[in-house]
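[1] Take a look and give me a structure for this.
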Amino acid sequence: MNEYLSIIYARILTVLVLSCGFPLVARTAPEASAGERPPNIVFILADDLGYGDLSCYGSAKIKTPHLDALGASGVRFTSYCAAAPVCTPSRAGLLTGRYPIRSGLTRVLFPVGDKRGKGSGIPTDEVTLAELLKTRGYTTACIGKWHLGSEPDFWPGRHGFDHFFGLLYSNDMNPASPLYRNGEVVEKPPVDQTTLTERYTKEAIDFIERSKEKPFFLYLPHTMPHVPLYASKEFSGKSAGGLYGDVVECIDWSVGEILKALDRLKLRNWTFVIFASDNGPWLGLGERSGSAGPLRDGKASPYEGGFRVPCIMSYPPWGSQGFVTDAPASALDIFPTVAALAGAPLPADRPLDGRDITGLLRRQEKCVPEFVFYYYCGENLCAVRAGNWKLLIAVRNMGRKHSEETKPRLYDLASDIGEARDVAAEHPDVVERLKKLAQDFRGSFTPPPPRQ
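    Take a look at the predicted model:
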């Protein structure tokens, strides 16, 4: 059955790409040959950070000099989408390169013991980015918030990570998670979250130092600025953006410390660094809320504020310093892009939903197929985007009571980033084309039941 679905997916992708006049890019073309040491990979993920929360994305109150510098050293995306608008499915999509609907991880997982928790997690047959990189000899670590299952079978160590230090789920969930180092509890609840970012940073640097002789993959998903917010004495009250700004500026400091460590160990020029957020900001929390900037809505929403987030990628050998691009990309693209850079063969027994965007990162945008992206909120396909056209099919905000829109709305994101003007009546042909894309995608596979 997997082989059959792969064939269907490949045919659909081919039709979509060729119909738009873009050449297909080889999905397995390696950057590193089998005999070379592949580059290190560092992926830093913020939790609920909004599009407007970094100074290089327009924040006037929150200062993020280290992230600004990272953007100046590489590529800063202004149209990058998370895989989903909430925590668990977003992380599932990022680590597998597949829409969360394929794995059944469509909703936020709760811990065992919570009345909503049923002990589900990432399926054993999913291939994570860590497992993929292990085939190329990488040492791997997950340091921070996992949120892909709280029972031992779902822990990072069962899914390709050699080392884990962090919390198993969100910091607002009950029963509260202990702080773990691999399978051992190093701090019982309530964990001191005022220094959590600093402790993650120290653990990350220790891992880099231990692993410097081999290629390594560091996945650093921070616990914050997900609420509740905490800041140490060193950062508390320092930001003009209040406590939320203190938390973000501490994460910015963390990025700077990791970059300094890479420089000190003479690894920076051979390390691909990525920074992004898992989804848009959690709005409606007053001073504890982040900002979506010019985007509409926030976390849990199918509008751009729920999916579009800051993203910076930096790899010095590519020579793309200071490149700011509005070319669309998504978290699903990370898996095939890193695979290409590392020279790792992609799984051949399943459909992947991302694209290798190394051409875009090298400023060769014409080498990348047209962007087609499906906005899932839970099990519901709420919108589809092709190029700069976005068709909103339904508004069903996850976790909030919200009326469902049944009349399709079309937005031209090139000129209307805030999704304020519906142009469906002016472009009925585009509406029909995107409706057909959504229909074909939904019909191309049978989704598993939600894993919760």
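[2] Grab the longest helix from this structure for me.
    helix 242-264 (DSSP state H).
[3] Can you name the element that comes right after it?
    Later in the chain than helix 242-264, the nearest helix or strand by DSSP states H and E is strand 271-277.
[4] Any chance you could list what contacts that next one?
    39-50, 67, 70, 74, 80, 82, 255, 258-259, 262, 309-315, 331, 334, 338, 341 (Cβ atoms under 8 Å, 6 or more residues apart in numbering). In short, each C-beta sits where N, CA and C put it, glycine included.
[5] partner strands of that strand, parallel or antiparallel?
    strand 40-46 (parallel), strand 308-314 (antiparallel) (DSSP bridges).
[6] and these, which is most packed in?
    strand 308-314 (a mean of 27; mean count of other Cβ atoms under 10 Å).
[7] mean confidence score for that one?
    Averaging pLDDT along strand 308-314 yields 98.
[8] Hey, what's the angle from it to helix 242-264? Just curious.
    Strand 308-314 runs at 20 degrees relative to helix 242-264, counting by axes from the mean of the first three to the mean of the last three Cα atoms, to 10 degrees.
[9] Next, report how far strand 308-314 is displaced from the centre of its chain.
    Computed by Cα atoms, centre = their mean, to the nearest Å, the chain-centroid distance of strand 308-314 equals 9 Å.
[10] For that strand, output the C-alpha coordinates as PDB.
    Extracted as PDB, the C-alpha positions of strand 308-314 are listed here (Å, rounded to 0.1, in the frame of the first residue of the first chain):
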ATOM      1  CA  ARG A 308       3.800  32.000   8.700                       C
ATOM      2  CA  VAL A 309       6.700  32.500  11.100                       C
ATOM      3  CA  PRO A 310      10.200  33.900  11.200                       C
ATOM      4  CA  CYS A 311      12.800  31.600   9.600                       C
ATOM      5  CA  ILE A 312      16.500  32.200   9.100                       C
ATOM      6  CA  MET A 313      18.900  29.700   7.500                       C
ATOM      7  CA  SER A 314      22.700  30.200   7.400                       C
END
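[11] Name the residues that touch that strand?
    Outside strand 308-314, the residues touching it (Cβ under 8 Å, 6+ apart) are 49-51, 53-54, 56-57, 67, 70-71, 73-77, 79-82, 272-280, 295, 329, 361.
[12] Narrow those residues to those in strands?
    Judged by DSSP state E, these include 75-77, 79-81, 272-277, 329 as members of strands.
[13] Dump the strands paired with strand 271-277 into TSV; add distance to Glu203 as well.
    Formatted as TSV, the strands paired with strand 271-277 follow (distance: least, Cβ to Cβ, whole Å):
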stretch	distance to Glu203
strand 40-46	13
strand 308-314	22
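[14] out of these, nearest to Arg199?
    Among these, strand 40-46 comes nearest to Arg199, with 15.0 Å by Cβ to Cβ.
[15] for the record, mean pLDDT for that closest one?
    Here the average pLDDT along strand 40-46 is 98.
[16] Many thanks, I have nothing further to ask.
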